[in-house]
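>>> what follows is a predicted protein model with its sequence.
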Amino acid sequence: MELILDFGNTHKKLALFEDGNLLLVQNHPVVTKDILAQFVDTHPGITACILSSVSDYSEEIPVYLRQMFRFIVVDEDTPVPVGNKYETKSSLGKDRLAAAVAGAAKFPGEPVLVICAGTALTFDFVNKHGEYLGGSISPGMQMRFNALHTFTDKLPLLSFQEPAGLTGTNTQMSILSGVINGMVAEMEGISNGYMENYPQLKIILSGGDTNYFVKRLKISIFALPNIVIHGLQQILLFNVNKTK
């Protein structure tokens, strides 16, 4: 079995794969060495582990994991099963690269756009040659709600609710319409821009806010929850197999 650790901005995820199948995913606000040790004791049979983090974590964690398994930490020098053409690899989010790896693995030999709707709204593109070229980043849904409240005097802080329609008839509905419909328009507009250049484009939607958008988008998409975890597992296996 493979243990996948994905420490994001909002959630810290522990996941297990066996024979290519995702067995379970746990979300934690914080992961400590003791939490990991309990998880490992509860799930015997783990042979390899990968850690990807965009947030700080205790140094006890990699020390413990190196003692237990074949272990790698994802950084800019980690070999990956796609050609990474990003110009500033040191600043590339590990979650974005992992999502691109998973997209390329799902549709080998085809152009793929991976949309992740989470803390940020990201778009990552892999061409038919399996080369990751980059993409774009904009604020995610809750970040947009927070910004409207923080940088104005009177707008309330909202979270997701069903907007009444395109035209908000009060302030709350106007904010919901602007944020939700604005993100839908952004996803469709950017996707259509890629499809003009790559008519055979496959589009994958993932991220914590996927369920809010999957039925609203009027483009052909494949919903793939936990795409970053799948990509990290591909990166782990790629590195393990290189050393056999």
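Ah, there it is.

>>> so L121 makes contact with I115?
Yes - proximity of L121 to I115 meets the contact threshold set by C-beta atoms under 8 Å, at 7.4 Å. For the C-beta atoms, the positions are set from N, CA and C on the backbone; glycine is no exception.

>>> just give the closest residue to S220, not the sequence neighbours.
Distance criterion C-beta to C-beta, 6 or more residues apart in numbering; nearest residue to S220, sequence neighbours excluded, is I203 at 6.7 Å.

>>> quick one: pLDDT of V25?
On pLDDT, V25 comes in at 93.

>>> pretty sure it is touching K12, no?
No - applying C-beta under 8 Å, one finds V25 not in contact with K12, separated by 11.1 Å.

>>> do a quick rundown of the strands in the chain.
All strands of the chain, identified by DSSP state E, fall at 2-7, 12-18, 21-28, 48-53, 70-73, 83-84, 112-117, 120-126, 131-139, 202-206, 222-223.

>>> among these, show me which one is buried the most.
Stretch with highest mean neighbour count among the strands of the chain: strand 112-117 (a mean of 27; mean count of other C-beta atoms under 10 Å).

>>> what does that one contact?
95-96, 99-100, 102-104, 106, 121-126, 135, 140-141, 183, 187, 191, 194, 201-210, 212-213, 221, 227-228 (C-beta atoms under 8 Å, 6 or more residues apart in numbering).

>>> isn't L97 right up against P79?
No - assessed by C-beta under 8 Å, L97 is found out of contact with P79, at 11.6 Å.

>>> for the residue sitting nearest the centre point of the chain, report the pLDDT, please.
With distances taken as C-alpha atoms, centre = their mean, V228 lies nearest the centre of the chain, 4.4 Å away. pLDDT, V228: 93.

>>> look up how far P62 lies from it.
19 Å (C-beta to C-beta, to the nearest Å).

>>> also D77?
16 Å.

>>> more neighbours, those two?
Shown here are D77 and P62; by other C-beta atoms under 10 Å, P62 has more neighbours (18 against 7).

>>> skipping adjacent residues, who's closest to that one in space?
P62 sits nearest to V73 (C-beta to C-beta, 6+ apart), 6.2 Å away.

>>> then C49?
Excluding its sequence neighbours, the residue lying closest to C49 (C-beta to C-beta, 6+ apart) is L3, at 4.1 Å.

>>> my guess is that neighbour contacts E18, does it?
No - judged on C-beta under 8 Å, L3 makes no contact with E18 at a distance of 10.7 Å.

>>> residues contacting the residue nearest to S220?
Applying C-beta under 8 Å, 6+ apart, the residues near I203 are 112-113, 115, 191, 219-222.

>>> one more: F125?
100, 111-114, 132-135, 194.

>>> dump the residues you listed into CSV; add distance to D34 and pLDDT as well.
Converted to CSV, the contacts of F125 look like this (distance: C-beta to C-beta, whole Å; pLDDT from 0 to 100):
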residue, distance to D34, pLDDT
A100, 33, 96
P111, 44, 98
V112, 39, 98
L113, 40, 98
V114, 34, 98
Y132, 36, 97
L133, 41, 97
G134, 39, 96
G135, 37, 97
Y194, 45, 97
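
>>> now do the residue nearest to E188 when sequence neighbours are not counted against G103, distance only.
Once flanking residues are discounted, E188 sits nearest to I219: 5.5 Å by C-beta to C-beta, 6+ apart. Between I219 and G103 the computed distance is 16 Å (C-beta to C-beta).

>>> between the two, which one's more packed in?
G103 (30 against 16).

>>> and the more buried one, how far is that from G140?
19 Å.

>>> what's the answer for F151, then?
To G140, F151 is 16 Å away according to C-beta to C-beta.

>>> no further queries at this time; thank you.
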